[in-house]
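Engineer: Build me a structure from this.
(2 chains)
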Amino acid sequence: MLTCLCDAFFGEVGIATVKVLEHAGCHVIFDTDQTCCGQPPFNSGDWSAARLSAGHLMRTVLSHNDPVVTPSASCAAMVRECYPILYTDMAHPKIFELAEFLVHQMNVSTWPITVQKHLPKTKVAYHSSCHGRGIGLKGEQRQLIESLPWIELVSFEQGEQCCGFGGAFSATYGSISAGIGMEKLRNIIESGADEIVGGDMGCLMQLNGLIKRNNLKVKTRHFAEVLAEAIGE
Amino acid sequence: MNRQSVEQFSRSVPAETVKSVRTASALKVESRKSALKEAFEDVDAARSQAAHIKSYTLDNLGSLLVQLELKCRLNGIVVHWAKDATSANKIILEICRAAASPGEIIVKAKSMATEEIHLNRHLIKSGYEVVETDLGEYVVQIDNDTPSHIVTPIIHKNRKQVAKSFEREGLGPYTEVPSELAMQARHHLREKFHNAKIGISGVNFAIAETGRIVLVENEGNSRLSTTAPDVHIAVMGIEKILPSEGDLPLFLRLLTGSATGQRITTYVHLISGPRRRDEQDGPKEVHLVILDNGRSKVLNGPYRDILRCIRCGACLNVCPVYRQASGHAYKHVYSGPLGAVLGPALEGVEKLPDLAKASTLCGACEEACPVKIPIPKMLLQLRDEAVRKGLLKDSIPWSTFSIGSTSGFRWRMGLKMLPMASLVKHPAKAGWEEFKDLPKKEGRDFRRWWHGRS
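Structural biologist: Just a heads-up that it's a prediction; the model follows:
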């Protein structure tokens, strides 16, 4: 499942996800009729609208008999944890966040590097998204990027705090959202990181919007792109 | 109390206040984690056990309350039932009138239940001199302010502000040294304790099995408030009950660890009733006012789990929105994630429809909660309720979005039209753009790439 944000803005993350899954030995199917999981209307309290989107996802992506993988803990959390709130008698659908799938279903513990060219040392601040903790991720994303020798993870203050995105919250509560995000960025920049790596484009889009507006010297990247780079993609 | 949205309010909060709140709450998050780790071999298991005991308590609330009343009476504690704020204030005023004349002093230990019913206002109107004796609550009182945090009422102030208030009130010469400020307050309050006829406190736990009232504190003011005057009135919400005294070791450690990062507070009181015939000290009367004020309605509704709350304030301290907006933004005596659920649950979503929206749903509150209350889930349910009742209007037309998402064709058409969105004016877009650059399409398009390789 591609996710709305990758569909609309961040195609490279979707491409990297496919490459990474194929490198791990998967055959990837993309249902071109997929749309949105329904999280934006669900979080806004419009549950009847959310059921429209969720219904479509169940008829398309979730109707296949194969495991569903998505490069977003947030979308995975919506489907796995929140569909049973929208439909009270529903079992938790089988959907996996990308790193969760690689580590637990494909038994990848260190990322098999194939890239030939020398990659420069990079100081990375890893941002664990709140929804990742929400679906019970225990550092799988971190484990995979940490296995790359050119990546040096740096720790920073209040590492687990939210980035302030929160979906529509980031627009309707603009000042609070930016305040939270800037606190996060200040902590990250103090750690001396060159790059912020995360697993949810919502968080990274939020941080990147603030980075650009404030001319900060730090980049953002999805971990799937970091893994794809390690296999020469 | 302010009626602005949390976002509007946060824009008016001085940077100095945000800094005070942020610094104090960040410290508390760290001390909570280390205190709980020290106190329990398995913190998560302790939280699950506490959640279980609290759920059991709510499932058996009626019979536990009857047991509590019976045991309290056997201990000589007079029990009063108050269905709402008006009746609670009336009951308390009657007890006060029987024990003291207007003009006399009533000392108060910290209590959110009495904040909830606005008790001070009623007692002062009836002529009593009401003195808050918790240091933070005392500052709130002299500044004519309201507490912004359930555990640390003046987390929104710094010591310079307190120093100015004390100087203004004539407590002593201006000083910014915390210990000197504390001594000034101590000197001032000691006189009040000495002359008070009545002491009013809250309740941290009431034990059904033994009829004892449990209070935790660090300043000693609760001890003086509940023992020096002849009459002690304790006020509790119906949910503050614990089945048995054996539950206390777990709950005391969870409460003090989560609230202030302490293994145990300086004082823990187990109040078993008024002074006995052979005793020389202690109050001659102890009253327990058990307050419903909307709680039994919450008990039978979708927000029942919020009644598990033991008022530790951990959810406030970890909440990124609370840290930016501060407690007064929540328009209710209970602030932060707890208040965003308990406020509308008690008063009706009609009165506070937008509070539940002031959250990123990051889940830090639930992870910190010592009784594992699913706060984010309840915030979502509150949003749903508010939208269904037509109380929340979103600037984004979600039904149009969702109808678009029910067909692959319509969705792909929508994606093609997305670049034109940069020409459209919309409040949500403006809200984003005020502080952040809009995202731009970066690199290759996934669908085009996928189509090209197959």
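
Engineer: and the residue nearest to B:A368 when sequence neighbours are not counted, how far is that from chain A?
Structural biologist: In this structure, B:A368 finds its nearest non-sequential neighbour in B:A314, 4.2 Å apart by C-beta to C-beta, 6 or more residues apart in numbering or on different chains. All C-beta spots, glycine's among them, are computed from the backbone N, C-alpha and C. Distance of B:A314 to chain A, given as C-beta to the nearest C-beta, to the nearest Å: 14 Å.

Engineer: who touches the spatially most central residue of chain A in this structure?
Structural biologist: Nearest residue to the geometric centre of chain A (C-alpha atoms, centre = their mean): A:D200, 2.4 Å. If a contact means C-beta atoms under 8 Å, 6 or more residues apart in numbering or on different chains, then A:D200 has A:S72, A:A73, A:S74, A:S129, A:H131, A:G132 as its contacts.

Engineer: where's the residue lying closest to it once chain neighbours are set aside relative to B:E104, distance?
Structural biologist: Here the nearest residue to A:D200 in space, its sequence neighbours aside, is A:S129; by C-beta to C-beta, 6+ apart that works out to 4.1 Å. From A:S129 across to B:E104, the span is 58 Å (C-beta to C-beta, to the nearest Å).

Engineer: Look at those two and report which has more neighbours.
Structural biologist: A:S129 (27 against 16; other C-beta atoms under 10 Å in any protein chain shown).

Engineer: Most neighbours out of the contacts of A:D200, which is it?
Structural biologist: A:A73 leads those on contacts (other C-beta under 10 Å) with 31 neighbours.

Engineer: can you tell me which residues contact the residue nearest to B:A368?
Structural biologist: Contacts of B:A314 (C-beta under 8 Å, 6+ apart): B:K28, B:V29, B:R32, B:S258, B:A259, B:C365, B:A368, B:C369, B:P370.

Engineer: any idea of the pLDDT on it?
Structural biologist: B:A314 is assigned 98 on the pLDDT scale.

Engineer: Any regions of chain A where pLDDT drops low?
Structural biologist: Residues of chain A meeting the criterion pLDDT under 70: none.

Engineer: domains for it, by residue range?
Structural biologist: If you go by automatic domain parsing, the domain ranges for chain A are A:4-105, A:122-229.

Engineer: following the longest helix along chain A, which helix or strand comes up?
Structural biologist: Using DSSP state H, we find that the single longest helix of chain A is helix A:174-190. Later in the chain than helix A:174-190, the nearest helix or strand by DSSP states H and E is strand A:195-198.

Engineer: Distance of the most far-flung residue of chain A relative to its centre relative to chain B?
Structural biologist: What lies farthest from the middle of chain A is A:D89; by C-alpha atoms, centre = their mean that is 27.9 Å. For A:D89, the distance to chain B (C-beta to the nearest C-beta) stands at 17 Å.

Engineer: In what element of secondary structure is residue 209 found?
Structural biologist: All of this refers to chain A. helix A:201-213.

Engineer: you looked at the wrong chain, it should be chain B
Structural biologist: Using DSSP H and E, no helix or strand contains B:E209.

Engineer: Hmm, B:C72 and it touching each other?
Structural biologist: No: counting by C-beta atoms under 8 Å, B:E209 stays clear of B:C72, with 11.4 Å between them.

Engineer: More neighbours: which of those two?
Structural biologist: B:C72 (26 against 15).

Engineer: what's the pLDDT at B:S402?
Structural biologist: Taking B:S402 on its own, its pLDDT is 94.

Engineer: can you map out the helices along chain A?
Structural biologist: Using DSSP H, helices in chain A cover A:4-8, A:11-23, A:39-43, A:47-59, A:73-77, A:83-86, A:98-100, A:130-134, A:140-146, A:169-172, A:174-190, A:201-213, A:223-229.
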